[in-house]
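S.K.: A structural model of the following input is requested.
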Amino acid sequence: MITPPIGSILSTFGDAVGFIFERRPSDAGTVQVGGLAEMGHLAGNHFAVSFLAIVVSIAVAVPIGLWLGHLGRAELLAVGVANVGRAVPALAIIGFCVAFFGTGFRNIAFALTLLAIPPILTNTYVGMRQVEWPLALPTILGGIRISVVTVLATAIISPLAGLDSLGTPIFSEEIYGTEGVIAAAIVVAFLTLFTDAGFALVQRLVTPKGLKIAAHGDRRPRRLRPLSIRRVQTP
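M.R.: Below you'll find the predicted structure:
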């Protein structure tokens, strides 16, 4: 296996970054591609469909999880939903929705919602079974955080369902070229990592200090007790 030289890799990465900010002729030479306007439009669609899916999944999964967790029932349902969410590939869910409901923004949002519900429902149920509200909030946010990352990453395949997103350059390399594919991947990675970092910060802020200590152990240095010196009386 021949490894590309570092200079070639850096050059390709630089071209991809430039693709985000500057328009250029497509590889086919028929249209102009790239630039902030197009990449912003694709990123906007990508974020919008992901945002709608997350909002709807939270509205559906959190109340059900809170209710079931508070009652302490339907544990099999929560675990089963989680296992189904892990077992069924995202592409299969989207393909199913496209086959039965067609293509477009709302249909891809519905498919992503189905993908986002299991982690939120499971974490909400587990959180309520363990510590009740509001101490369950960090666990609930953990489930939402997992779903957000999953949905943002999976929305790349939305062009297969007729919606332009940051996946469009990735699935159209013959038009956007290698630099377009890498540019779209960079934007998706930045969007996902930035959003995940935001949720991680919020999750940390709402976690009570006592739970942090219980999870990681009390690492505070303990004060040393003063040594007591006994006087030994000599006969």
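
S.K.: dump the residue contacts of the residue most central in space within the chain.
M.R.: The residue lying closest to the centre of the chain (Cα atoms, centre = their mean) is residue 149, at 0.6 Å. Each residue near residue 149 by Cβ atoms under 8 Å, 6 or more residues apart in numbering is listed here: 192, 195, 196. Quick note: C-beta positions are derived from backbone N, CA and C, even for glycine.

S.K.: By mean pLDDT, flag the weakest helix or strand of the chain.
M.R.: Lowest mean confidence among the helices and strands of the chain (mean pLDDT, DSSP states H and E): helix 209-216, at a mean of 60.

S.K.: From the contact counts, what lies against the longest helix seen in the chain?
M.R.: Longest helix in the chain, counting residues (DSSP state H): helix 35-71. Counting contacts by 3 or more Cβ pairs under 8 Å, 6 or more residues apart in numbering; DSSP states H and E, helix 35-71 packs against helix 6-21, strand 23-25, helix 75-87, helix 105-130, helix 137-154, helix 167-171, helix 173-206.

S.K.: where in this protein is pLDDT low?
M.R.: By pLDDT under 70, the low-scoring segments of the chain are 1-5, 29, 73-88, 132, 210-235.

S.K.: Please identify which of the helices and strands packed on helix 35-71 is closest to residue 53.
M.R.: helix 105-130 (3.6 Å; Cβ to Cβ).

S.K.: Name the residues of that closest one that come out as buried.
M.R.: Buried residues in helix 105-130, counted by 16 or more other Cβ atoms under 10 Å: 105, 107-129.

S.K.: quick check: angle from that helix to helix 35-71?
M.R.: Here the directions of helix 105-130 and helix 35-71 differ by 40 degrees (axes from the mean of the first three to the mean of the last three Cα atoms, to 10 degrees).

S.K.: Test my guess that residue 107 contacts residue 101.
M.R.: Yes: with contact defined as Cβ atoms under 8 Å, residue 107 counts as touching residue 101 (4.7 Å).

S.K.: Quick check: residue 205 vs residue 193, distance?
M.R.: 19 Å (Cβ to Cβ, to the nearest Å).

S.K.: More neighbours: those two, which one.
M.R.: Neighbour totals were compared for residue 205 and residue 193, and residue 193 leads with 12 against 9 (other Cβ atoms under 10 Å).

S.K.: Measure how far stretch 173-190 is from the centre of its chain, please.
M.R.: A distance of 19 Å separates the centroid of the chain from that of stretch 173-190, by Cα atoms, centre = their mean, to the nearest Å.

S.K.: which parts of it are buried?
M.R.: By 16+ other Cβ under 10 Å, the buried positions in stretch 173-190 come out as 176, 177, 179, 180, 181, 182, 183, 184, 185, 186, 187, 188.

S.K.: and if you look at stretch 157-171?
M.R.: 157-159, 161, 163-171.

S.K.: got the contact list for residue 130?
M.R.: 136, 139.

S.K.: hmm, try it at 7 Å
M.R.: By Cβ atoms under 7 Å, 6 or more residues apart in numbering, the contact set of residue 130 is residue 136.
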